[in-house]
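Student: My questions concern the predicted model and sequence given below.
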There are 2 protein chains.
Amino acid sequence: MAEPVTLAIETTDGAARAGTLTTPHGAVATPAFMPVATQASVKALTGDEVRMLGAEMVLANTYHLLLRPGPDVMRALGGLHGFMRWPGPILTDSGGYQIYSLGHRVQVTDAAVTFRSHLDGSAHEISPERAVAVQEALGADIIMALDHLTAQPAAHADDAAALARTLQWAARCREAKRRGDQALFGIVQGGLHLDLRERAIESLEEIGFPGYGIGGLSVGESKAEMYAMLTRLHPLLPQHKPRYLMGVGAPEDLLEAIGSGVDLFDCVLPTRLARHGALFAPTGRVNIRKAAYRAQEAPVDPNCDCPACAHYSAAYLHHLCRSGELLYHRLATMHNLRFLFRLLAEARAAIQAQGFAAFKERFLAQYKPADEAVRVAQRRKWQARQQRKAD
Amino acid sequence: MAEPVTLAIETTDGAARAGTLTTPHGAVATPAFMPVATQASVKALTGDEVRMLGAEMVLANTYHLLLRPGPDVMRALGGLHGFMRWPGPILTDSGGYQIYSLGHRVQVTDAAVTFRSHLDGSAHEISPERAVAVQEALGADIIMALDHLTAQPAAHADDAAALARTLQWAARCREAKRRGDQALFGIVQGGLHLDLRERAIESLEEIGFPGYGIGGLSVGESKAEMYAMLTRLHPLLPQHKPRYLMGVGAPEDLLEAIGSGVDLFDCVLPTRLARHGALFAPTGRVNIRKAAYRAQEAPVDPNCDCPACAHYSAAYLHHLCRSGELLYHRLATMHNLRFLFRLLAEARAAIQAQGFAAFKERFLAQYKPADEAVRVAQRRKWQARQQRKAD
């Protein structure tokens, strides 16, 4: 049986690749960023808007949709494509990551993960088989194997044990899969240990997957460590299969990862930052809540072609943000997503013109990333908050 | 000097009138409903969407915009029209109603109203002169005189005293007005006392206004009392001037008031109800949170032409509402506003065809209004909450 999802690589430029991902619901120009429709909605936007901004594929979260509206309703309403009226390609995660970060009383055995819902405390169990069955009800074009996560950085023995379970689960997911119109991707784990990463890739290739998620990065390690690992993974991963770096969405990270041969990304960062007042600009993030924008008639970024910058002053966005207006969330989300889609389209064009390295250098010379210490502190705070909720 | 805002009545059908309101920023087919852009944004929607749904004129609240972003920023950015990029007609209220319902430590003397901001407790004063000056900075096409409100039902002596102050303030507002491209409307008060209402209209006509707000209704009295007063006001009000019934937006009230010769309406009801899960349908309000909608593939109203009903299942709206998704607010708001704009367009067509009474009867035979006891209890609760906040 022909694989339902394939990647045709059209140009390479160093390790970077420009290609086309073919899926049952259409083609995606790669490298590509998938905005996150956690609960079957990219927060604040309609599908038409998401597409108009430049998205060709979106991601939805199995954990959330399993709890609400549930796989039965979803199947009855035509799966995610019918439910959220998104006719294009969709990827669903396995639910694992959200179970670990949002669920209560999470317990992991070789058989399955059990947890209580963050919504109503109800008990649930996700085995590799059930992760596949739920994702078959959701009906995305790409579905993900259930994996076992460790908080990074972790000791070699911990990562090795988690990897062993991840590989066993990957085989069970492969075995459980029934639908022929979905591609099941394996997930490469192994933390910051290159030998484990090598073992992961070899074992997953033996089981046989048409594409790979790169997991266990952007989960607590430094950016330098993440970049170094991506560089090392490039020659180890099969060249002709799609590679999806999970949960990465900062502009500087996207360019580094594209430079190491990654094809697909997803992250809540652009949409979440937007809702909190942080907007992408060529020189870095700006905080629209600052008093400096109170009376600025010019848009946030005069060179931006998003609906917010095309129609509204920075002063209006500042006012809407400080007033807690719902329209703020839409305009800010559109701005940040458009920034990323434009960045990825430019990166793709640079690869096609064999000029990716220079493009990346030019962008990074201007763009000042958020301070890493602040970023790490924010993540720790978020994790602690999730932990408190779970207690 | 020619009045900047005039009403041409094209057809009458009993007391009901169909006409065209001409303003410096364009024409409005009447009877018309103005959605409320409290803080310079109709909650969750862009101006393009508001227009596409059928709005020709919007209302903004002087109290909120005085506090944030303030008249200076507003003036610098081209007034409300430039700030919110709404090129059509706008009406601003005087700020009085919100001061009484939201402000803290409100004190009223003949000179002015003093109050503290609900945002930061800062002290402010609004005199009739300042109410006009702030509204001149905001630059709406129609601005309203500052009035003194009483909670209804009130004793004759209380309403008489409030009316005396309202009339004195109306004259001062008229005197203070500088801009020639705005119309200042007087406000008819007097509670449920017909003799006071008569005195109000006579006195305001003596001062000279190009249009009238009908105040002090829908503020605690029964619907029957409101309808009876509207019937009595019709022959007393000058026939050729626009009449604006403030704060009324329930479908049944709109039809009753149109039947008594009212031309303009505003209310947060359709947008606020939407955000709380109550959607207008031909048979009355439906609660989209109900389990009955969990798997309903059909839209909320199969005959509705709003974007929510045209594109999405009731199940998806139910899911978005229960999940607290921002998109829910947009879709629900669009649905409720479209329902009202369609209702008013149909009412206008019925007047033009001399069939308004039959149209109204047909609509009300199908449409079951929300229970009045529930409505009154909700309003009392809301008022008590505002009062507690103010203490």
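Tutor: Received it, and whenever you're ready, just let me know what you need.
Student: Correct me if wrong: A:Ser203 contacts A:Leu167.
Tutor: Yes - A:Ser203 sits in contact with A:Leu167 when judged by C-beta atoms under 8 Å, with a separation of 4.8 Å. The way it works is simple: take the backbone N, C-alpha and C, and place the C-beta from them, glycine included.
Student: For chain A, what lies in contact range of chain B?
Tutor: With C-beta under 8 Å from any C-beta of the partner chain as the criterion, chain A meets chain B at residues A:39-41, A:43-46, A:64, A:68-69, A:72-73, A:76-77, A:83-85, A:294-295, A:297, A:307, A:311-313, A:315-316, A:318-320, A:322-323, A:325-327, A:329-330.
Student: Can you select the buried ones from these in ChimeraX?
Tutor: Buried residues among the residues of chain A next to chain B (16 or more other C-beta atoms under 10 Å in any protein chain shown), as a ChimeraX selection:
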select /A:39,40,41,43,44,45,46,64,68,69,73,76,77,83,84,85,294,295,307,312,313,315,316,318,319,320,322,323,325,326,327,329,330
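Student: Can you flag which of the residues of chain A next to chain B belong to helices?
Tutor: Among these, the residues falling in helices (DSSP state H) are A:64, A:72-73, A:76, A:83, A:307, A:311, A:315-316, A:318-320, A:322, A:326-327, A:329-330.
Student: ok, and the closest non-adjacent residue to whichever residue of the stretch 201-350 of chain A sits closest to chain B?
Tutor: Minimum separation of the stretch 201-350 of chain A from chain B (C-beta to the nearest C-beta) falls at A:Leu326, amounting to 3.9 Å. Spatially, and ignoring its direct neighbours in sequence, A:Leu326 is nearest to B:Ala44 (3.9 Å; C-beta to C-beta, 6 or more residues apart in numbering or on different chains).
Student: ok now do the one you found, which residues does it touch?
Tutor: A:Leu326, A:Leu327, A:Arg330, B:Thr271, B:Arg275, B:Leu326, B:His329, B:Arg330, B:Thr333 (C-beta atoms under 8 Å, 6 or more residues apart in numbering or on different chains).
Student: Could you export these as CSV, including pLDDT?
Tutor: As requested, the contacts of B:Ala44 are exported to CSV (pLDDT from 0 to 100):
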residue, pLDDT
A:Leu326, 97
A:Leu327, 98
A:Arg330, 98
B:Thr271, 96
B:Arg275, 93
B:Leu326, 97
B:His329, 98
B:Arg330, 98
B:Thr333, 98
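Student: Any chance of TSV for those, columns distance to A:Asp195?
Tutor: Output for those, formatted as TSV (distance: C-beta to C-beta, whole Å):
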residue	distance to A:Asp195
A:Leu326	50
A:Leu327	52
A:Arg330	47
B:Thr271	59
B:Arg275	54
B:Leu326	45
B:His329	51
B:Arg330	50
B:Thr333	56
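Student: If we only consider the residues you listed, which is nearest to B:Gln378?
Tutor: B:Arg275 (14.5 Å; C-beta to C-beta).
Student: nearest spatial neighbour of that closest one, skipping sequence neighbours?
Tutor: Using C-beta to C-beta, 6+ apart and skipping the chain neighbours, the partner closest in space to B:Arg275 is B:His329 (5.3 Å).
Student: Tell me who's in contact with the residue in chain A sticking out farthest from the centre.
Tutor: Distance from the C-alpha centroid of chain A, by C-alpha atoms, centre = their mean, peaks at A:Ala295 (35.7 Å). Counting by C-beta under 8 Å, 6+ apart, A:Ala295 touches A:Ala315, B:Pro69, B:Asp72, B:Val73, B:Ala76, B:Leu77.
Student: Point out where chain A drops to low pLDDT.
Tutor: Residue ranges of chain A with pLDDT under 70: A:1, A:382-383, A:385-391.
Student: Mind giving me the packing neighbours of whatever helix or strand A:Arg105 lives in?
Tutor: According to DSSP states H and E, A:Arg105 maps onto strand A:104-108. Under the contact criterion of 3 or more C-beta pairs under 8 Å, 6 or more residues apart in numbering or on different chains; DSSP states H and E, strand A:104-108 touches strand A:113-116, helix A:372-390.
Student: In PDB, list the C-alpha atoms belonging to that strand.
Tutor: The C-alpha coordinates for strand A:104-108 follow below in PDB (Å, rounded to 0.1, in the frame of the first residue of the first chain):
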ATOM      1  CA  HIS A 104      -3.500  14.900  37.500                       C
ATOM      2  CA  ARG A 105      -2.200  11.800  39.200                       C
ATOM      3  CA  VAL A 106      -0.400  10.500  36.100                       C
ATOM      4  CA  GLN A 107       0.900   7.000  36.400                       C
ATOM      5  CA  VAL A 108       2.900   5.300  33.700                       C
END
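Student: Name every strand pairing with it and say which way it goes.
Tutor: When pairing is defined by DSSP bridges, strand A:104-108 lines up against strand A:113-116 (antiparallel).
Student: Can you tell me the SS state at A:Asn27?
Tutor: To be clear, residue A:27 is Ala; Asn isn't right here. Following DSSP: H, G, I helix; E, B strand; the rest coil, the label given to A:Ala27 is strand.
Student: Excluding chain neighbours, what is closest to it?
Tutor: Closest residue to A:Ala27 apart from its sequence neighbours, by C-beta to C-beta, 6+ apart: A:Thr20 at 5.3 Å.
Student: got the contact list for the one you found?
Tutor: By C-beta under 8 Å, 6+ apart, the contact set of A:Thr20 is A:Leu7, A:Ala8, A:Glu10, A:Ala27, A:Val28, A:Ala29, A:Thr30.
Student: Just say helix, strand or coil for the residue of the stretch 101-250 of chain A found nearest chain B.
Tutor: Distance from chain B to each residue of the stretch 101-250 of chain A (C-beta to the nearest C-beta) is smallest for A:Leu119, at 9.3 Å. Following three-state DSSP, the label given to A:Leu119 is coil.
Student: now it: how far from A:Gly190?
Tutor: For A:Leu119, the distance to A:Gly190 equals 33 Å [C-beta to C-beta, to the nearest Å].
Student: Helix or strand: which one has A:Glu198?
Tutor: Take DSSP H and E as the rule and A:Glu198 turns out to sit in helix A:194-207.
Student: Just the CA trace of that helix, in PDB.
Tutor: Extracted C-alpha coordinates of helix A:194-207, given in PDB (Å, rounded to 0.1, in the frame of the first residue of the first chain):
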ATOM      1  CA  LEU A 194      23.700  10.900  21.100                       C
ATOM      2  CA  ASP A 195      24.000   7.100  21.500                       C
ATOM      3  CA  LEU A 196      20.400   6.900  22.600                       C
ATOM      4  CA  ARG A 197      19.200   9.100  19.700                       C
ATOM      5  CA  GLU A 198      21.100   6.800  17.300                       C
ATOM      6  CA  ARG A 199      19.500   3.700  18.900                       C
ATOM      7  CA  ALA A 200      16.100   5.400  18.600                       C
ATOM      8  CA  ILE A 201      16.500   6.200  14.900                       C
ATOM      9  CA  GLU A 202      17.800   2.700  14.100                       C
ATOM     10  CA  SER A 203      15.000   0.900  16.000                       C
ATOM     11  CA  LEU A 204      12.200   3.100  14.600                       C
ATOM     12  CA  GLU A 205      13.500   2.500  11.100                       C
ATOM     13  CA  GLU A 206      13.400  -1.200  11.800                       C
ATOM     14  CA  ILE A 207       9.700  -1.000  12.900                       C
END
